[in-house]
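[1] Please work out how this folds:
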Amino acid sequence: MTFMPKSPQAGLDRILTLELVRVTERAAVAAARLRGRGDEKDADQAAVDAMRTELNCLPIQGTVVIGEGERDEAPMLYIGEEVGVGDGPEVDIALDPLEGTTICAKNLPNALAVIAIAERGSLLYAPDVYMEKIAVGPGYPEGIVDLDAPAAENIENLAKAKGVQPSDITACILDRPRHARLVEEVRATGAAIRLIGDGDVAGVIHTTDPEETGIDIYMGIGGAPEGVLAAAALRCIGGQMQGRLQLNTDEKVARAENMGITDPAKVYRMDEMARGDVLFAATGVTDGNLLAGVKFARESVQTHTIVMRSSSRTVREIKARHQDLDKF
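    The predicted structure follows:
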C-alpha cells in the first residue's frame, strides 16, 4: 500500500492551536510586569521580545503580515519578517504583542496579547494605517450593518433585528476627537455609547457577547492591524465586519500599492480580511470584560487565554497556573 504524504497545511490546527496559547501567554506576562508604570514603550518592547522568542520555537514557516509596522519602523516582528523554525506549514501571522499599550501603562482594563495564524495568503496584507470599521456579533441577517450607511440607519437596523428599541443598543467607539460627529449621530438615535481609550480588538470581540459585555456594535476609525486581528477573531466566533483603509495621502496610497492594494476606497468584508482556516489567541494582560489579567503570586503566575479556530468554531478558555517561573 502506498501512503501519500500529507500536505503542509494538513496538520495546521492540531499542531498550532495550543502552541499559540504559549505565544500569547509569554507576551502577556512580560507586559504585565510593567503594568501601571507609565512606560508604554518598555511594556510594548517586553511583549514584542517575548512573543518573538516564542514564535521562533514554533514548527512553522511564518511570515508576519500584520505586525509592529513596516521594516524601517520596527526592528522586530515587522511586516514581512519570517519567524518559526523554518519547517512545517507556511502561514500568515497577524499579531499585536500588546494591544493597548496605553491601557497597560495606566493599568486600565482590556489590554491583551493577541495573535492570529492562517494559511499562507489568507490574511489581508495591509499597511500600518487607520481603518474605518463597523462590526456586530453573530445571529443577525447578512448585511445588517453597512459601513457606507449613516450611523442612525445602522443602529436602527440592528435594533430592529434584535427586537429592541435603539435606546437598548450600546455602541463601542474609541474616545478620539475624530469621532465627535459619530458620537453625536449615535446618541441622537437614543442609543448608548461605551467610549474606550484604546484596545479596539477587544472592542470588536465584545460585540459577540452583548449580554456579558453590554456592547452590541463597534463603530469608528482605529488601526488597520487591529482591524485584521479583529476580523480573524470574528471569523472564529461568528459575526459581521467591514473595514476601509484610510489612505488619505499619496504616501499612504503608495505604501498600500506596494502591498498589492490597488483600490484605496475598497470596503473589505470580514472574509476578505481573514479567510480560510484561522486560529486566534488572546491572553489578558490587565483585567477586562473578556479576559482576566495576569496574576502574580509568590511562586506562580496565572494567565487567562481564549483560543479559537474558525473551521470548527471551537472556542476554548484556558486558565493556567505556571509554576516554572524561569520560563517567564
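
[2] From L95, how far off is the residue nearest the centre of the chain?
    Taking Cα atoms, centre = their mean, the centroid of the chain lies closest to L229, which sits 3.1 Å from it. Relative to L95, L229 is positioned 8 Å away (Cβ to Cβ, to the nearest Å). The C-beta positions use only the backbone N, C-alpha and C, and glycine is treated the same way.

[3] Overlap in contacts, those two.
    66, 114, 116 (Cβ atoms under 8 Å, 6 or more residues apart in numbering).

[4] Out of these, which sit inside strands?
    If you go by DSSP state E, the shared contacts of L229 and L95 have 66, 114, 116 in strands.

[5] for the stretch 51-200 of the chain, what are the low-confidence residue spans?
    71-72 (pLDDT under 70).

[6] Who are the packing partners of the strand or helix carrying T303?
    Using DSSP states H and E, T303 sits within strand 301-309. Secondary-structure packing of strand 301-309 (3 or more Cβ pairs under 8 Å, 6 or more residues apart in numbering; DSSP states H and E): helix 12-32, helix 224-237, strand 278-284, strand 295-296, strand 314-322.

[7] Can you list the buried residues in the last one?
    So the one you mean is strand 314-322. Buried residues in strand 314-322, counted by 16 or more other Cβ atoms under 10 Å: H322.

[8] how far out from the middle of the chain is that strand?
    18 Å (Cα atoms, centre = their mean, to the nearest Å).

[9] before we move on, back to that, turn the helices and strands packed on strand 301-309 into CSV, including distance to V253 and mean pLDDT.
    Output for the helices and strands packed on strand 301-309, formatted as CSV (distance: least, Cβ to Cβ, whole Å; pLDDT from 0 to 100):
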stretch, distance to V253, mean pLDDT
helix 12-32, 32, 87
helix 224-237, 14, 94
strand 278-284, 28, 96
strand 295-296, 46, 96
strand 314-322, 38, 93
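
[10] can you redo those as TSV with distance to I261?
    Formatted as TSV, those follow (distance: least, Cβ to Cβ, whole Å):
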stretch	distance to I261
helix 12-32	26
helix 224-237	10
strand 278-284	20
strand 295-296	42
strand 314-322	31
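
[11] Counting neighbours, what do you get for T17?
    When counting by other Cβ atoms under 10 Å, one arrives at 19 neighbours for T17.

[12] Show the contacting residues for it.
    So T17 contacts 279, 307, 309, 316 (Cβ under 8 Å, 6+ apart).

[13] same thing with D39?
    A105.

[14] Distance check, it against N107.
    12 Å.

[15] now do V91
    Separation of V91 from N107 (Cβ to Cβ): 33 Å.

[16] which one of the two has more residues nearby?
    Per other Cβ under 10 Å, whichever of V91 and N107 has more neighbours is V91, with 26 against 17.

[17] Could you look up the SS state of that one?
    strand (DSSP: H, G, I helix; E, B strand; the rest coil).

[18] what sits opposite it in the beta ladder?
    G62, E119 (DSSP bridges).

[19] if I pick it, what's in contact with it?
    12, 16, 60-63, 84, 117-120.

[20] again with E153
    Per Cβ under 8 Å, 6+ apart, neighbours of E153: D146.

[21] Quick one: the helices in this structure, in order.
    12-32, 40-55, 101-106, 151-162, 180-188, 200-206, 210-213, 224-237, 250-258, 270-273 (DSSP state H).

[22] For S300, which of these is the nearest?
    helix 12-32 (11.2 Å; Cβ to Cβ).

[23] what angle do that closest one and strand 278-284 make?
    20 degrees (axes from the mean of the first three to the mean of the last three Cα atoms, to 10 degrees).

[24] Flag every buried residue along helix 12-32.
    Here helix 12-32 shows 12-13, 16-17, 19-32 as buried, counting by 16+ other Cβ under 10 Å.

[25] what do you get for stretch 206-222?
    If you call a residue buried by 16+ other Cβ under 10 Å, then stretch 206-222 has these buried ones: 206-208, 210, 213, 215-222.

[26] Quick one: those residues as a markdown table, columns for distance to E185 and pLDDT too.
    Converted to a markdown table, the buried residues of stretch 206-222 look like this (distance: Cβ to Cβ, whole Å; pLDDT from 0 to 100):
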| residue | distance to E185 | pLDDT |
| --- | --- | --- |
| H206 | 21 | 93 |
| T207 | 18 | 96 |
| T208 | 24 | 93 |
| P210 | 20 | 94 |
| T213 | 22 | 91 |
| I215 | 18 | 96 |
| D216 | 16 | 98 |
| I217 | 13 | 98 |
| Y218 | 15 | 98 |
| M219 | 9 | 98 |
| G220 | 11 | 97 |
| I221 | 14 | 97 |
| G222 | 18 | 94 |
